[in-house]
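Asks: structure for this input, please:
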Amino acid sequence: MAEYKVEKKKIVFNADFKPSVDFFPKQYDLIKKYDEDFANWELSGTSFTVQDKTDHCSATVTHKRIIFELDDANSKVDLAKERISKILRLYSESLPIESFLRLGVRFFMFVPMQEIKKEELADIIQAKLFANNEELNEILSEKLNDLAYIRDYSKDGFLYHLKCGPMPREHVPTWVDFGENKHRFETTKEFRSYLDSFPEISIFFDMDCYKSDVVFGDADSFLTKAFDNCLQTASKLKKYILGA
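Replies: Residues are numbered from 1 along each chain as shown. Just a heads-up that it's a prediction; the model follows:
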């Protein structure tokens, strides 16, 4: 039986909190705090972005939001958690955060498939995730070319937004927001090489796990549980769809 693995290609973290006007005169002090992990930085006036082009990650920091992005994430899940935790701690040392309006972790994951057409993969996913009703099929189509499974749900105190479907490599930039990739890659050629590393055809999981009204002291616990929940859900869905 073939062995199918879930590849973690990108992680995005988002923290929203109460705005602080004190952020603006302290931007340079915050940048200095982050320079141990992020060699490069860029200041826009109302925000700054610190950049690590070796591990392909960046953090954009404003007076009310922090966004962390990590590309080529397959072997760097623990690094992502460590960087995020440290970014939040250092920020709060300068500008205390009592609680977060929202914390969210988003994983872009891919299960590479071999020698299968997109339409065939769509049929497999439809058989597992959709009601295969003859009357509905007659109304909608003679042949299924593609599909996307989208589900908003809650479980164990977390909220989720899930997207799943067949993913040809050429469609990846449409479904994955790479943002300012110059913040995480030295050259365009290096970024193109990263895009070329995506599977030619795969099952795509875009999973956003989030919570509202999280006290600062619970941020690390949120990270651990959110990361585990996303990875375990993707693994279970992969096994449910493919049987392996």
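Asks: ok now the helix-or-strand element of the chain with minimal mean pLDDT, how far from the chain's centre?
Replies: Each helix and strand of the chain was given a mean pLDDT (mean pLDDT, DSSP states H and E); the minimum falls on helix 134-140 at a mean of 73. Centre-to-centre, helix 134-140 and its host chain are 35 Å apart (CA atoms, centre = their mean, to the nearest Å).
Asks: next secondary structure after that helix?
Replies: Per DSSP states H and E, the first helix or strand lying C-terminal to helix 134-140 is strand 149-155.
Asks: buried residues of stretch 92-106, list them for me.
Replies: Within stretch 92-106, the residues scored as buried using 16 or more other CB atoms under 10 Å are 95, 97, 100, 103, 104, 105, 106. The C-beta positions use only the backbone N, C-alpha and C, and glycine is treated the same way.
Asks: my bad, stretch 163-182
Replies: Neighbour count says stretch 163-182 has 164, 165, 166, 167, 168, 171, 172, 176, 178, 179, 181 buried, by 16+ other CB under 10 Å.
Asks: how about residue 12, what does it touch?
Replies: 67, 68, 69, 70, 105, 106, 108, 177 (CB atoms under 8 Å, 6 or more residues apart in numbering).
Asks: tell me the strands beside the helix or strand hosting it, with direction?
Replies: Assigned by DSSP H and E, residue 12 belongs to strand 7-17. Strand 7-17 pairs in its sheet with strand 65-71 (antiparallel), strand 99-112 (antiparallel), by DSSP bridges.
Asks: around residue 145, how many other residues sit close by?
Replies: The burial count assigned to residue 145 is 9, neighbours taken as other CB atoms under 10 Å.
Asks: shouldn't it be in contact with residue 121?
Replies: No: counting by CB atoms under 8 Å, residue 145 sits too far from residue 121 to count as a contact (11.1 Å).
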